[in-house]
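*Asks:* predicted coordinates and the sequence they were generated for:
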Amino acid sequence: MPDLFLKGEGDFSKLVAEHEKVLLKLAKIKAGLTANEKAAKRWYDSTRTPQERYNAKLAELNKLLKANKINQDTYGRAVRKSKDEMDAAGRSGQKTFGSQAISMVKRYAGAIGSIAIATRAATGGIP
């Protein structure tokens, strides 16, 4: 009888060792998935427009307010801060692209004006 018990104990030890190996492999897989999820979130977040970031913040703030995790004052301050951040990002884009857009419109208007002058000259001033 003692031999059976020892044999069972040995089998149990092997089973526990195998179980620990499986758990270790699962932990490594989970860590890899978590790292990939974090990387995906970083890329997703970095490609959001200011409006999308504002909408996400607003949704989160609404959820926190509804759950009574923040009060109305904190909610109002956070909404204003988020809106200011969105507006600042918009102004930054206007500074960067605004002068280019104005320049393009001026060139376009100049081309239209040249076409109008050429058309008048070709038709003898008849519209």
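*Replies:* Done, it's in. Numbers count the residues shown, from 1 in each chain.
*Asks:* distance between the ends of stretch 64-72?
*Replies:* 10 Å (CA to CA, to the nearest Å).
*Asks:* what is the mean pLDDT for it?
*Replies:* Averaging pLDDT along stretch 64-72 yields 95.
*Asks:* for stretch 61-71, give me every contacting residue.
*Replies:* Stretch 61-71 is contacted from outside by 72, 75, 78-79, 82, using CB atoms under 8 Å, 6 or more residues apart in numbering. For the C-beta atoms, the positions are set from N, CA and C on the backbone; glycine is no exception.
*Asks:* just the buried members of these?
*Replies:* Among those, those buried by neighbour count (16 or more other CB atoms under 10 Å) are 75, 78-79, 82.
*Asks:* in helices, which of the contacts of stretch 61-71 appear?
*Replies:* Among the contacts of stretch 61-71, DSSP state H puts 72, 75, 78-79, 82 in helices.
*Asks:* so which of those residues comes closest to Glu52?
*Replies:* Proximity of those to Glu52, judged by CB to CB, is greatest for Ser82, which lies at 11.9 Å.
*Asks:* if I look at that closest one, how far off is Tyr44?
*Replies:* Going from Ser82 to Tyr44 by CB to CB, to the nearest Å gives 18 Å.
*Asks:* equivalent analysis for Leu24, please.
*Replies:* Leu24 is 30 Å from Tyr44, by CB to CB.
*Asks:* any low-confidence regions in this protein?
*Replies:* 1-10, 92-106, 108-111, 113-114, 116-127 (pLDDT under 70).
*Asks:* could you list the domains of it?
*Replies:* 1-47, 50-127 (automatic domain parsing).
*Asks:* against Ala39, how distant is Leu15?
*Replies:* 36 Å.
*Asks:* my bad, should have said Lys28
*Replies:* 17 Å.
*Asks:* give me the number of residues near Arg91?
*Replies:* Neighbour count for Arg91, taken as other CB atoms under 10 Å: 11.
*Asks:* and it, what element?
*Replies:* helix 72-122 (DSSP states H and E).
*Asks:* picking up where we left off before, from the contacts of stretch 61-71, pick the one nearest Ala56.
*Replies:* Ser82 (9.3 Å).
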